[in-house]
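Student: Just the structure for this:
(chains A and B)
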Amino acid sequence: MRRVAVTGIGVLSPLGNGCDEVFNAARNGRSAVARLTGKAAERLRAPLAAVVAFDAAEHFDPAKARMLDRVSQLAIVAARCATADAGLDLKAVDLDRAGVFVGIGMGGSTSMDDGYQTLYGEGSDRIKPLLILMGMHNAPAAWIGIENGFRGPNLTYSTACSSSAVAIGEAWLRVASGSLDLALAGGSEAPLSLGSLKAWEAMHTLAAVDASDPSASCKPFSADRSGMVLGEGAAVMVLEPWDRALARGAKIHGEILGYGLVTDASHIAKPSVEGQAAAMRAALASARLDPSQIDSINAHGTGTQANDATETAAIKQVFGARAPRIPVSATKAMHGHLLGAAGALECVLSLLALQHNTALPTMHLHSSDPLCDLDYVPNAAREDAAGRTMLSNSFAFGGTNAVLVLGRAVEK
Amino acid sequence: MTNTFLRLQAIVAKDHKLDIDIITADASLESLGIDSLGVAELLFNIEDEFRVRLPVEPVDGLTTVGDVARFIDTLIAAQPAPTADAALVLPPGAAPLA
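Tutor: Down below sits the predicted model:
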């Protein structure tokens, strides 16, 4: 297996756009969760979301923008930022050995929602002619492939909240094994349509509004946690073989060391300690690392009662007596749950945490829960604490547990 | 210039943020950046703007803006007297997609 370097990062997230903005916001514990306003908000019991500052008109001509759902717009721009950051010379790339791997949960849900509103709400048969192209799940990956001319695999993974961790892991496997020399990998999600917000609300998974501070409504690992807050965004990375990255003098953001993928095969929505622990062990095995070599963890940490207690138990099962001494960060408290893009954003945050050797904070953690008794880096970032090697956990409805092992960029 | 052409010109200028002067009858749709998907969108908007119905069979042979204007005039001429429940439906296969 070849070493795989991350040489480009493009990120559009509620915490900001670009690595510096995103990292600084996260390090400072700035929550991007806010009250939703407008007509849709009146229909929601807890009108909260984490929104990206993004104007499609700055990036696309009007005709192109109209044929792209926001989920594709975000993905395309994140990919453009990633390739620019990597300084890729596409003329020097074997495009047959270059692939695109994107995780996505809800697809072009806003466009589909608009189409259904026309069809059912207004009783009209006048559906926009390009709705299929806007709504299909593989549109973001396809557009990224088209813009870059990559003729290798163009794959879309939809495993709910682990989608983009799976996308990155599968891309890593192909670059590491030698079947590809370049991959754009990440995820995108734009789930803030009334239809999908209501569907998540109906599942009783969304956080109640914190009356004193709505931005503090998502409280992972805190006893008073009441659920997750939906967020939107995209994160895309350039993956290439380490030696090639060095040879072309690329800036290396970090290394993907391993990937574990284990399915619960038990319940469609209930998380499993065994499944999560098995995915962490599988990731360690693929990286040929011992649990003692993991310095910190970016948790799945959604802020639901079930996830946070289950994940805590799983971490304890894998790391044993050392578990309470490992910094565990749940950054969703600040950027919300990006569903299909969550794993990609959290992978990027983990790489930045490693670069700066800073364990990112789990914000809004003020009430201890006996079932959540690890070191969650509560409420303030901790310098000199992320170490050199991290896990980034992504677990999902459907039971697909994906864990990435990430390393600070170091020569071996 | 016909009234149809002027209305079409205005739609194209607005939808594609183009200077109205370059949208001449002889201008090819391709030269204005309107590909097969753009034509599908344009026909959709034409149905609304001109209150016409596209035929069931695929629409082809639309190369220039003038072609589209003449096509609209044909549709208007063929249009039955409007009824209250006239459905404005793009029939299956009618979009000129590549």
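
Student: so is the residue in chain B that chain A sits nearest to in a helix, a strand, or just coil?
Tutor: Here chain B gets closest to chain A at one residue, B:Ala40, 4.3 Å apart by C-beta to the nearest C-beta. (C-beta placed from N, C-alpha, C; glycine too.) With DSSP: H, G, I helix; E, B strand; the rest coil as the basis, B:Ala40 sits in helix.

Student: ok, which residues in chain A are in contact with chain B?
Tutor: Contact residues (C-beta under 8 Å from any C-beta of the partner chain) of chain A with chain B: A:61-63, A:66-67, A:125-126, A:128-130, A:133.

Student: change it to 7 Å
Tutor: A:61-63, A:67, A:125-126, A:128-130 (C-beta under 7 Å from any C-beta of the partner chain).

Student: now the residues you listed: which count as buried?
Tutor: Buried members of the residues of chain A next to chain B, scored by 16 or more other C-beta atoms under 10 Å in any protein chain shown, are A:63, A:67, A:126, A:128-130.

Student: Going by distance to A:Glu232, which of those residues wins?
Tutor: If you rank these by distance to A:Glu232 using C-beta to C-beta, A:Met67 comes first, at 19.2 Å.

Student: dump the residue contacts of the closest one.
Tutor: With contact set as C-beta atoms under 7 Å, 6 or more residues apart in numbering or on different chains, A:Met67 has these partners: A:130, A:133-134, B:37.

Student: Mind picking out the helix or strand in chain A with the poorest mean pLDDT?
Tutor: The helix or strand of chain A with the lowest confidence, counting by mean pLDDT, DSSP states H and E, is helix A:39-42 at a mean of 88.

Student: Quick one: distance of it to the chain centre.
Tutor: Relative to the mean C-alpha coordinate of its chain, helix A:39-42 is positioned 27 Å out (C-alpha atoms, centre = their mean, to the nearest Å).

Student: any idea of the mean pLDDT for whichever helix or strand comes after it?
Tutor: The helix or strand immediately downstream of helix A:39-42 is strand A:48-50, counting by DSSP states H and E. Strand A:48-50 carries an average pLDDT of 98.

Student: Which ones among the contacts of A:Met67 lie within helices?
Tutor: In this view, the contacts of A:Met67 that belong to helices under DSSP state H are A:133-134, B:37.

Student: export these to TSV and tack on distance to A:Leu230, pLDDT and neighbour count?
Tutor: Below are the ones in helices among the contacts of A:Met67 laid out as TSV (distance: C-beta to C-beta, whole Å; pLDDT from 0 to 100; neighbours: other C-beta atoms under 10 Å in any protein chain shown):
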residue	distance to A:Leu230	pLDDT	neighbour count
A:Leu133	24	96	20
A:Met134	20	97	22
B:Leu37	30	90	19
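
Student: follow-up on the earlier one: okay, and which of the residues of chain A next to chain B map to strands?
Tutor: If you go by DSSP state E, the residues of chain A next to chain B have nothing in strands.

Student: Out of these, which sit inside helices?
Tutor: A:62-63.

Student: Let me have the residues of chain A next to chain B in JSON lines, extended by pLDDT.
Tutor: Compiled in JSON lines, those are given as follows (pLDDT from 0 to 100):
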{"residue": "A:Asp61", "pLDDT": "92"}
{"residue": "A:Pro62", "pLDDT": "90"}
{"residue": "A:Ala63", "pLDDT": "90"}
{"residue": "A:Met67", "pLDDT": "94"}
{"residue": "A:Asp125", "pLDDT": "87"}
{"residue": "A:Arg126", "pLDDT": "89"}
{"residue": "A:Lys128", "pLDDT": "91"}
{"residue": "A:Pro129", "pLDDT": "91"}
{"residue": "A:Leu130", "pLDDT": "94"}
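
Student: any chance of the residues of chain A next to chain B in a markdown table, plus distance to A:Ala84?
Tutor: Conversion of these to a markdown table gives the following (distance: C-beta to C-beta, whole Å):
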| residue | distance to A:Ala84 |
| --- | --- |
| A:Asp61 | 19 |
| A:Pro62 | 23 |
| A:Ala63 | 24 |
| A:Met67 | 23 |
| A:Asp125 | 43 |
| A:Arg126 | 39 |
| A:Lys128 | 32 |
| A:Pro129 | 33 |
| A:Leu130 | 28 |
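
Student: Mind picking the two most distant members of the residues of chain A next to chain B?
Tutor: Pairwise distances across those (C-beta to C-beta) peak at 28.9 Å, for the pair A:Asp61 and A:Asp125.

Student: Leaving out the residues flanking it, which one is nearest to the residue sitting nearest the centre point of chain A?
Tutor: Central residue of chain A (C-alpha atoms, centre = their mean): A:Ala342, 2.2 Å from the mean position. Nearest residue to A:Ala342, sequence neighbours excluded (C-beta to C-beta, 6 or more residues apart in numbering or on different chains): A:Cys161, at 5.7 Å.

Student: so what's the one you found up against?
Tutor: A:105, A:337, A:339, A:342, A:394-397.

Student: Of the contacts of A:Met67, which pair is most distant in space?
Tutor: A:Met134 and B:Leu37 (11.0 Å).

Student: Looks to me like A:Val236 is in a strand.
Tutor: Yes. Assessed with three-state DSSP, A:Val236 lies in a strand.

Student: does it have beta-bridge partners, and which?
Tutor: Under the criterion DSSP bridges, A:Val236 forms beta bridges with A:Gly10, A:Gly186.

Student: so what pLDDT did it get?
Tutor: At A:Val236, pLDDT is 98.

Student: burial count for residue 38?
Tutor: Defaulting to chain A. 8 (other C-beta atoms under 10 Å in any protein chain shown).

Student: Please refer instead to chain B.
Tutor: 21.

Student: Verify the contact between it and A:Asp61 for me.
Tutor: No. Counting by C-beta atoms under 7 Å, A:Asp61 is not a contact partner of B:Gly38; they are 11.0 Å apart.

Student: what sits in contact with each of those two?
Tutor: By C-beta under 7 Å, 6+ apart, no residue touches both B:Gly38 and A:Asp61.

Student: and A:Ala330, what is it in contact with?
Tutor: A:Ala330 is in contact with A:220-221, A:299, A:301, A:362, A:376, counting by C-beta under 7 Å, 6+ apart.

Student: quick revisit: kindly reformat the contacts of A:Cys161 as TSV and extend each row with secondary structure.
Tutor: Shown next, in TSV, are the contacts of A:Cys161 (three-state DSSP):
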residue	secondary structure
A:Gly105	coil
A:His337	strand
A:Leu339	helix
A:Ala342	helix
A:Ser394	strand
A:Phe395	coil
A:Ala396	coil
A:Phe397	coil
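
Student: Find the nearest non-adjacent residue to whichever residue of the stretch 51-200 of chain A sits closest to chain B, please.
Tutor: Closest residue of the stretch 51-200 of chain A to chain B, C-beta to the nearest C-beta: A:Pro129 (4.3 Å). Closest residue to A:Pro129 apart from its sequence neighbours, by C-beta to C-beta, 6+ apart: B:Ala40 at 4.3 Å.

Student: A:Ile268 - how many residues pack around it?
Tutor: For A:Ile268, the count of nearby residues is 9 (other C-beta under 10 Å).

Student: Check A:Ala84 too.
Tutor: For A:Ala84, using other C-beta under 10 Å, the count is 12.

Student: try A:Arg3
Tutor: 16.

Student: right, and it touches A:Ile256 too?
Tutor: No. Contact criterion C-beta under 7 Å: A:Arg3 and A:Ile256 do not qualify, at 8.8 Å.

Student: which one of the residues of chain A next to chain B is nearest A:Asp113?
Tutor: A:Lys128 (12.4 Å).

Student: got a list of what the residue nearest to A:Asp94 when sequence neighbours are not counted touches?
Tutor: Spatial nearest neighbour of A:Asp94, excluding adjacent residues (C-beta to C-beta, 6+ apart): A:Asp181 at 6.1 Å. Contacts here follow C-beta under 7 Å, 6+ apart; on that basis A:Asp181 touches A:94, A:97-98, A:240-241, A:244.
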